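> 3D model of this:
(one chain, ligands or ions: 1)
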Amino acid sequence: MAEVSFKVSSRVFLRSLRLVFLFVVLLVVFTFLSVVYLGPDNLGFIFSLKVKEVVGLPERVTPQMWLDSLRHGVLGFFLGILTLDVVYAVFTVFSSVLMDVDHVPSFLGLPVPARIAHSFVFLLFVCFVFYFLFRDKKLLVVWGSSFVLHISLDNLMVPVFSPFLLSPEVPRQLVGVFVFVAYFVNFLVGWRRFKEVFLQKK
Ligand SMILES: [Zn+2]
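From the prediction side, this is the model:
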């Protein structure tokens, strides 16, 4: 029995890890392509970077940014557990925090927006790849709510059509609506799972 539960949890752990890893790859690819799209000359800048400049990046992260990451992680955790699914919860926490990896080009001094991947284009890009690979519609919903919560916590000060249009942003008044929708959607995912596991077996 112990062996069975170990196998289940290691499978869950690996699936979570695989999703997070894939997410980071997609984020890096999207960010890179966006930087090049916004200025083909940026490619030369990237290749001229010295290792010292890249390694020194964490020093440029301000205490406020670390606090923001913590806030994204904590609220992402409460969003993820609503799904009642470990894989979705782990993915939500990590995607909530790691979204800000797209700040790297701006930190390096490239003339691009800091939140270059905080974009509906990136949202759709990830949806497309996830659906193609996993055919899991609930995962798309969970990713969508993680994204919506993240940009809401950034006060919607994000270029939502990046890299094609760097303005307009979404009206700030919608923050409350976006947060509500994100939590409500994950609650529905969790409620469905709750019914499947506990109610239909009776
Ligand atoms: Zn952000």
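> counting by contacts, list what the helix or strand where L67 lies packs against.
Assessed by DSSP states H and E, L67 sits inside helix 63-81. The helices and strands touching helix 63-81, judged by 3 or more C-beta pairs under 8 Å, 6 or more residues apart in numbering; DSSP states H and E, are helix 86-98, helix 137-153, helix 175-194. For glycine as for every other residue, the C-beta is placed from the backbone atoms N, C-alpha and C.
> what sits against G76?
T92, V93, S95, S96, V97, S146, L149, H150 (C-beta atoms under 8 Å, 6 or more residues apart in numbering).
> list just the nearest of those residues to the ion.
H150 (5.6 Å; C-beta to the ion).
> what's the local residue count around that closest one?
Applying other C-beta atoms under 10 Å, we find 25 residues neighbouring H150.
> so how far is A114 from the nearest residue to L82 once chain neighbours are set aside?
Nearest non-adjacent residue to L82, counting by C-beta to C-beta, 6 or more residues apart in numbering: N186, 4.0 Å away. Distance, N186 to A114, by C-beta to C-beta, to the nearest Å: 27 Å.
> show me which of these two is the more surrounded one.
N186 (28 against 16).
> mind listing what the more buried one touches?
Contacts of N186 by C-beta under 8 Å, 6+ apart are L79, G80, L82, T83, Y88, T92, V141, V142, S145.
> which among these gets closest to K50?
T92 (35.9 Å; C-beta to C-beta).
> and the helix ranked longest in the chain with the ion, contact?
If you go by DSSP state H, the chain has its longest helix at helix 2-38. No. Judged by C-beta under 5 Å from the ion, helix 2-38 stays clear of the ion, getting no closer than 11.4 Å.
> what packs against the helix or strand following that helix?
Toward the C-terminus, helix 2-38 is succeeded by helix 42-47 as the next helix or strand (DSSP H and E). Packing contacts for helix 42-47, counted by 3+ C-beta pairs under 8 Å, 6+ apart, involve helix 2-38.
> tell me which parts of the protein are close to the ion?
Counting by C-beta under 5 Å from the ion, the positions of the chain adjacent to the ion are D100, D154.
> can you rerun that using 6 Å?
Contacts of the chain with the ion, taken as C-beta under 6 Å from the ion, map to M99, D100, R115, H118, H150, D154.
> can you pull the buried residues of the longest helix of the chain?
16, 19-20, 22-23, 26-27, 30-32, 34-35, 38 (16 or more other C-beta atoms under 10 Å).
> tell me the two of those residues that are most distant?
S16 and L38 (32.8 Å).
> for P163, which non-adjacent residue is spatially closest?
Closest to P163 by C-beta to C-beta, 6+ apart is S34, at 3.8 Å.
> rewinding a little: can I get the helices and strands packed on helix 63-81 in JSON lines with mean pLDDT?
As requested, those are exported to JSON lines (pLDDT from 0 to 100):
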{"stretch": "helix 86-98", "mean pLDDT": "96"}
{"stretch": "helix 137-153", "mean pLDDT": "97"}
{"stretch": "helix 175-194", "mean pLDDT": "95"}
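> tabulate these in CSV, adding columns for distance to L166.
Converted to CSV, these look like this (distance: least, C-beta to C-beta, whole Å):
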stretch, distance to L166
helix 86-98, 22
helix 137-153, 15
helix 175-194, 20
